[in-house]
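A.B. asks: The following comprises the amino acid sequence and a computationally predicted model.
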Amino acid sequence: MARRPGNTLERWEVALVKAMLARNFVPQDIQAYFSRPTRSINHARISEIRDGAKHRAVRAASDTELDAYLAAWPDVDPDTGLSARGDELLIKAREAMIAAVHTFNGAGLLFRAEIFIVTAIIAWTYLMHAYYRREGVDYRYRRAGVVQTTPSGAEKYWELGQCIATGACPLDRGTINNLKFLLEIRHEIEHRSTNRIDDALSAKLQACCLNFNDAIKTLFGGQFALERRLPIALQFVTFDGGQRALLAGESLPAHIATAMDNFHNTLTEDEQKDPRFRYRVAFVPKVTGRATNADLAIDFVRPGSPEAQAVERVLLKEVERQKYLPSQIVAKVRDAGYPNFNMYDHTKLAQQLEARTPAQGYGVSIANAWYWYEGWFEKVIEKLAEGWTRPVNP
């Protein structure tokens, strides 16, 4: 198997190797100091340094630097064995996602989704950087071949949008769509205030968590998964209809609703249903079962199975709201028993009720076009049942 481009010693490590060789360390022992779960160093790399075949320009570390390194070694994360210095990006990725989930699950916070999204994007950025670094992909911005720097002189690295846009990205389409969606929402919440959007985004946030855990296991190994660090959160509610309505809170801010709708309109139906884009679960209270088995509070059922279909029939699901053109609303009204209802009637009724006011919640404006929700159709039927008739032309 070909050696990964990232399975190489960094400059600071080469300096330490030279200092160890000067102290007559055995090459095999030196190799052990610099191999770790995410990177295996072949003994040939040590021989290349010893024989001067590579890295001639790198100066050996000082005695003080070598002593400090040896005193701290092994400086590792006890949970994963990751090197605090060599695997810094991967450690930061895990810690950022753990912080995002802990924040969202924390009691007493009112604006959890915004904090989660910003922190989760940081986590994904570190994860992608760790992957590209290991694979030998240069993830620095360049212009005419020159590495770009910040005003302070630091090298500029790809942000998450660029990480998932490059052809070297290892993520699947559903995961990429999920991240693009969260980036769009992040752009909206960075510059404008919002009310609570936690409930409306929960399916996307859940998918983001599961995708991250799958990605870190696939790209780096199952030992770095987050299951052991993030147990199931306990709840103080039973989620009946009234409680669900309270959780939903106010309607979404207009700019957030528009951003969501605009993004969804770029996806196919299959892409919107992809669980890696949005992950929806049904919580099934356990009222039967053998007491001798583990007393699980939640049952997980496989999507598409008979059990899942039964759950979908009886439990409230979080879904994207269906949108209708005016002509579709008119057709639905006619099918409902009002064959004489026409577009003129629809326009006049909407004007009388000021139904296109965003605060009414009957529809949404997307790309200068107005789309109606199911609630508007129900309102039209209600008014017709009350005896509404078209106004007489003046």
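C.D. replies: That came through, no problem.

A.B. asks: For V330, which residues are in contact?
C.D. replies: F341, N342, M343, D345, H346 (Cβ atoms under 8 Å, 6 or more residues apart in numbering). Where C-beta positions appear, they are placed from N, C-alpha and C, glycine not excepted.

A.B. asks: where are the low-confidence patches of the stretch 101-250 of the chain?
C.D. replies: For the stretch 101-250 of the chain, applying pLDDT under 70 flags the ranges 107, 190-200, 230-250.

A.B. asks: residue ranges for the helices of it, please.
C.D. replies: 112-135, 160-165, 173-191, 198-220, 241-248 (DSSP state H, counting those that start in this stretch).

A.B. asks: Report the angle between the third one and helix 198-220.
C.D. replies: Right, the one you point to is helix 173-191. Relative orientation of helix 173-191 and helix 198-220, computed by axes from the mean of the first three to the mean of the last three Cα atoms, to 10 degrees: 130 degrees.

A.B. asks: Helix 112-135 and helix 173-191, what's the angle between them?
C.D. replies: 130 degrees.

A.B. asks: Check which helices and strands helix 173-191 sits against.
C.D. replies: helix 112-135, helix 160-165, helix 198-220, helix 254-264, helix 269-273 (3 or more Cβ pairs under 8 Å, 6 or more residues apart in numbering; DSSP states H and E).

A.B. asks: what does the average pLDDT come to for the fourth one?
C.D. replies: pLDDT averaged over helix 254-264 equals 69, rounded to a whole number.

A.B. asks: that older thread, nearest to A60, of the helices and strands packed on helix 173-191?
C.D. replies: Nearest to A60, of all those, is helix 112-135, at 24.4 Å by Cβ to Cβ.

A.B. asks: what helices or strands is the closest one leaning on?
C.D. replies: Checking 3+ Cβ pairs under 8 Å, 6+ apart, helix 112-135 ends up next to helix 88-105, helix 160-165, helix 173-191, helix 198-220.

A.B. asks: would JSON lines of the helices of the stretch 101-250 of the chain with mean neighbour count and distance to W372 be doable?
C.D. replies: Converted to JSON lines, these look like this (neighbours: other Cβ atoms under 10 Å; distance: least, Cβ to Cβ, whole Å):
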{"stretch": "helix 112-135", "mean neighbour count": "22", "distance to W372": "26"}
{"stretch": "helix 160-165", "mean neighbour count": "17", "distance to W372": "33"}
{"stretch": "helix 173-191", "mean neighbour count": "19", "distance to W372": "23"}
{"stretch": "helix 198-220", "mean neighbour count": "20", "distance to W372": "19"}
{"stretch": "helix 241-248", "mean neighbour count": "11", "distance to W372": "20"}
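
A.B. asks: how about a markdown table for the ones you listed, with distance to F34 added?
C.D. replies: Converted to a markdown table, the helices of the stretch 101-250 of the chain look like this (distance: least, Cβ to Cβ, whole Å):
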| stretch | distance to F34 |
| --- | --- |
| helix 112-135 | 14 |
| helix 160-165 | 27 |
| helix 173-191 | 32 |
| helix 198-220 | 18 |
| helix 241-248 | 51 |
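
A.B. asks: quick revisit: G375 is nearest to which of the helices and strands packed on helix 173-191?
C.D. replies: helix 254-264 (13.9 Å).

A.B. asks: wait, doesn't E155 sit right on R142?
C.D. replies: No. In this structure E155 lies outside contact range of R142 using Cβ atoms under 8 Å: 10.0 Å.

A.B. asks: Common neighbours of those two, please.
C.D. replies: Contact criterion Cβ under 8 Å, 6+ apart; residues shared by E155 and R142: Q148.

A.B. asks: Can you give me the neighbour number for the nearest residue to E374 once chain neighbours are set aside?
C.D. replies: Counting by Cβ to Cβ, 6 or more residues apart in numbering, Q322 is the residue found nearest to E374 once chain neighbours are left out, at 5.8 Å. For Q322, the neighbour count with other Cβ atoms under 10 Å is 11.
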